[in-house]
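> need a 3D model of the following:
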Amino acid sequence: MLNKITGKRRIAALVLAATLSAFLTPFAHAETVVRIGMTAADIPRTLGQPDQGFEGNRFTGLTMYEGLTAWDLSSADKPSVVIPGLATEWAVDAADKKKWTFKLRPGVTFHDGSPFNADAVVWNVEKVLKQDAVQFDPSQVGVTASRMPTLVSARKIDDMTVELTTKEPDSFLPINLTNLFMASPAKWQKLFDAAVGADTKAKSQAAWEAFAKDASGTGPWKMSSFTPRERLELLKNGNYWDKARVPKVDKAVLLPMPEANARTAALLSGQVDWIEAPAPDALPEIKQRGFVLYSNEEPHVWPWQFSRIEGSPWNDIRVRKAANLCIDREGLRDGLLAGLMVPATGTFEPGHPWRGNPTFQIKYDKPAAQKLMQEAGFGPNKRLTVKIQTSASGSGQMLPLPMNEYLQQALAECYFEVQLDVIEWNTLFTNWRRGARDPSANGANATNVTYAAMDPFFAMVRFLQSGMAPPVSNNWGFINNPKFDELVTKARQSFDPAERDKALAELHAASVDDAAFLYVGHDVAPRAMSPKIKGFVQPKSWFVDLSSITIAP
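Below is the predicted model of the structure:
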């Protein structure tokens, strides 16, 4: 009798346990999802080389893809530096400094299961540099070749070794290669073989279009679903080669939200868990409601980049200096931006190894600015009309329209008449590579595109060297200063870090003394998040690592 009762109890217990297990299992293993509101108006391109500026790299580049080199994004306190990525080591040839050898990381596979190797590296270099390559894609060239302008070719030495060749000695190459993302040649070839087209170019274009909808890189996240202009869903890559960086969240959902107030409302209403660049006037409510605000000074400049073509009003250095002296940056920071800006006195601030010793001190000095303008022939009854092309939103643009309206009012007190040409962010970014002479400038004699200052090329060379004028890179205003060119060559050909830093400091000081830009501010990359998100690190970088975060279900 006892055995029967015990048996019945055991069965009842097992039934109860099974019932509880069935009830609890979905909750115990509930999918964790983080929803992110981006500043971009569209999903950045997903085919391997993103658009939408560095917000594209942040969300559809560094998530699904990787380069031979990478940025260390693990610290909020130390500067972000270049570290090994898909290459474990590299060296320049002592006898020929135009040749570099890169040793590749073994055991890495693309999301489709195909191997990453030297053939894949050569294929990805040629997708943007070799016009007769089947996989060459003109649409990826502008956002890639302009960021590594000296690279000319890649050659396989063995399965795990490649040789890269530059057109001139270039100590910046390992830094530039953080921008060349590795897409799967095998996946692309499969799509090419299935594509329909009148010729090889048409089939190639069709293959890239298909690849963008079903991407394959080597990164810690892989594409789940993609709806252009609406959302991109990424799943964690459980087979990622770096086990420490396998994402701790199951899914990331990326949502374009270009308007700051709309992003902020989405966060406060629970539609998203994370937003880039919240509306500054909503910060008190964001904090009061328990959301977490992250910020950190990053290597980044919010500028006006001047046209220096024939007839530009900015060709007079007195005018350029006057504009720099007419802006109350502290007032902009403390008022409109609620403290979320660092005033800029150049691309680099005192204490940075590339700062140098400029003699022109950028500060707020309206009387000095007015005096310079009067010397240049302007005054209350004769104003200088300037036209600025800017965007309504975008990666690193902070609050471009309100900020430019602030500058418009400030410069009016120094006899400027500022006209604003407001266009969509990605269009502005595309125009940036076309230059001040192109019809896309729409008569503007300055452009307002923020820039990263993480490395020498991005911070200075692409703007100051005459050879970087469009279509090569981002010398939008066609600056042509022999001193700048001399210092760029000196820095690029200095493979000793101390000598290179010295030349870069001279270059920066020379650019400030020339008032090459209207230097306004450095971004602090504000982003607001649900308190359910833990483990996020806000590095001193334009980029972030989504792999470390967790979120409560």
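> C-alpha from now on. contacts and neighbour counts both.
Noted.
> just give the number of residues close to the closest residue in space to Thr166 that isn't next to it in sequence.
Spatial nearest neighbour of Thr166, excluding adjacent residues (CA to CA, 6 or more residues apart in numbering): Leu151 at 4.3 Å. Leu151 has 21 neighbours, counted by other CA atoms under 10 Å.
> quick one, phi/psi of Leu151?
phi -70, psi 130 (degrees, to the nearest 10).
> thinking it is in contact with Glu163, fair?
No: between Leu151 and Glu163 there is no contact under CA atoms under 8 Å: 11.1 Å.
> which parts of the host helix or strand of Gln205 are buried?
Assigned by DSSP states H and E, Gln205 belongs to helix 200-213. Buried residues in helix 200-213, defined by neighbour count with 16 or more other CA atoms under 10 Å: Lys201, Lys203, Ser204, Gln205, Ala206, Ala207, Trp208, Glu209, Ala210, Phe211, Ala212, Lys213.
> for that helix, the distance to its chain's centre please.
From the chain centre to the centre of helix 200-213 is a distance of 25 Å (CA atoms, centre = their mean, to the nearest Å).
> how about the helix or strand just after that helix: buried residues?
Beyond helix 200-213 on the C-terminal side, the first helix or strand identified by DSSP H and E is strand 221-227. Under the neighbour-count criterion of 16+ other CA under 10 Å, strand 221-227 has Trp221, Lys222, Met223, Ser224, Phe226 buried.
> ok, which pair from those is furthest apart?
Trp221 and Phe226 (13.6 Å; CA to CA).
> rewinding a little: tell me which of the buried residues of strand 221-227 is nearest to Leu487?
Of all the buried residues of strand 221-227, Leu487 sits closest to Trp221, with 40.6 Å by CA to CA.
> right, and the closest one touches Thr63 too?
Yes: counting by CA under 8 Å, Thr63 is a contact partner of Trp221 at 5.2 Å.
> which strands and helices sit next to the helix or strand hosting Leu254?
For Leu254, the element it lies in under DSSP H and E is strand 251-256. Counting contacts by 3 or more CA pairs under 8 Å, 6 or more residues apart in numbering; DSSP states H and E, strand 251-256 is packed against strand 33-38, strand 231-236.
> pipe the ones you listed into TSV and attach mean neighbour count per row.
Compiled in TSV, the helices and strands packed on strand 251-256 are given as follows (neighbours: other CA atoms under 10 Å):
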stretch	mean neighbour count
strand 33-38	24
strand 231-236	21
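> of all these, which lies closest to His300?
strand 33-38 (18.1 Å).
> neighbouring contacts of the very next helix or strand once past the closest one?
Later in the chain than strand 33-38, the nearest helix or strand by DSSP H and E is helix 53-56. Applying CA atoms under 8 Å, 6 or more residues apart in numbering, the contact partners of helix 53-56 are Ala40, Ile43, Pro44, Arg45, Pro50, Gly394, Ser395, Gly396, Asn426, Phe429, Trp542, Phe543.
> mind doing that once more with 6 Å?
Applying CA atoms under 6 Å, 6 or more residues apart in numbering, the contact partners of helix 53-56 are Pro44, Pro50, Ser395.
> ok, now stretch 228-239?
42-43, 220-226, 247, 250-255.
> closest to Ile362 among those residues?
For those, the nearest to Ile362 is Asp42 (36.3 Å; CA to CA).
> from what I see, that closest one and Pro256 are in contact.
Yes: Asp42 is within contact range of Pro256, at 5.3 Å (criterion: CA atoms under 6 Å).
> out of the two, which sits in the busier spot?
A count of neighbours by other CA under 10 Å puts Asp42 above the other of Asp42 and Pro256, at 23 against 20.
> what's near enough to touch the more buried one?
Asp42 neighbours (CA under 6 Å, 6+ apart): Arg229, Pro256.
> could you do Lys97 as well?
Per CA under 6 Å, 6+ apart, neighbours of Lys97: Pro169.
> same question, the one 3 residues further on
The neighbours of Trp100, taking CA under 6 Å, 6+ apart as the test, are Ala91, Val92, Asp93, Glu163, Leu164.
> burial check on the third one, number of neighbours?
Read that as Asp93. Per other CA under 10 Å, the neighbour tally for Asp93 reads 12.
> pLDDT score for it?
With respect to pLDDT, Asp93 scores 97.
> give the contact list for it.
Lys99, Trp100.
> need phi/psi at it.
Main-chain torsions, Asp93, degrees, to the nearest 10: phi -70, psi 120.
> can I get the contacts of helix 53-56 in CSV with neighbour count and pLDDT?
CSV is the format used below for the contacts of helix 53-56 (neighbours: other CA atoms under 10 Å; pLDDT from 0 to 100):
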residue, neighbour count, pLDDT
Pro44, 26, 95
Pro50, 24, 95
Ser395, 26, 79
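> which pLDDT value does the model give Ala13?
Confidence score, pLDDT, at Ala13: 38.
> same question, the one 3 residues further on
We have a pLDDT of 39 for Leu16.
> next: the one 10 residues further on.
Residue-level confidence at Pro26 comes out at 45, pLDDT.
> for the helix or strand harbouring Ser511, packing partners?
Following DSSP H and E, one finds Ser511 within helix 497-513. The contact analysis (3 or more CA pairs under 6 Å, 6 or more residues apart in numbering; DSSP states H and E) places helix 497-513 against helix 482-492.
> Arg245: neighbour count?
In terms of burial, Arg245 registers 16 neighbours under the definition other CA under 10 Å.
> let me redo that: Asp513
Other residues lying near Asp513 total 18 when counted by other CA under 10 Å.
> wouldn't it be in contact with Phe360 here?
Yes: counting by CA under 6 Å, Phe360 is a contact partner of Asp513 at 5.0 Å.
> give me the below-cutoff pLDDT ranges for the protein.
Low-confidence segments of the chain (pLDDT under 70): 1-29.
> about what we covered before: closest to Lys127 out of the helices and strands packed on strand 251-256?
strand 231-236 (24.1 Å).
> any idea how far that closest one is from the chain center?
19 Å.
> list the strands paired with it, with their directions.
The pairing partners recorded for strand 231-236 under DSSP bridges are strand 221-227 (antiparallel), strand 251-256 (antiparallel).
> could you give the angle of it to strand 33-38?
Strand 231-236 and strand 33-38 are oriented at 140 degrees to each other (axes from the mean of the first three to the mean of the last three CA atoms, to 10 degrees).
> surely Ser295 touches Pro526?
Yes: counting by CA under 6 Å, Pro526 is a contact partner of Ser295 at 4.5 Å.
> rewinding a little: residues making contact with the helix holding Gln205?
Thr46, Leu47, Leu191, Phe192, Ala195, Val196, Gly197.
> one more time with 8 Å, if that's ok
45-48, 134-137, 187-189, 191-192, 195-197, 225-226.
> how about stretch 326-335?
The contact list for stretch 326-335 (CA under 8 Å, 6+ apart) reads 339-344, 363-366, 369, 403, 406-407, 410-411, 413-414, 520-521.
> what about 10 Å?
280-281, 337-345, 362-370, 403, 406-414, 518-521 (CA atoms under 10 Å, 6 or more residues apart in numbering).
> can I get the buried part of those as one ChimeraX selection?
Entered in ChimeraX, the line below selects the buried ones among the contacts of stretch 326-335, by 16+ other CA under 10 Å:
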select :280,337,338,340,341,342,343,344,345,362,363,364,366,369,370,403,406,407,408,410,411,412,413,414,518,519,520,521
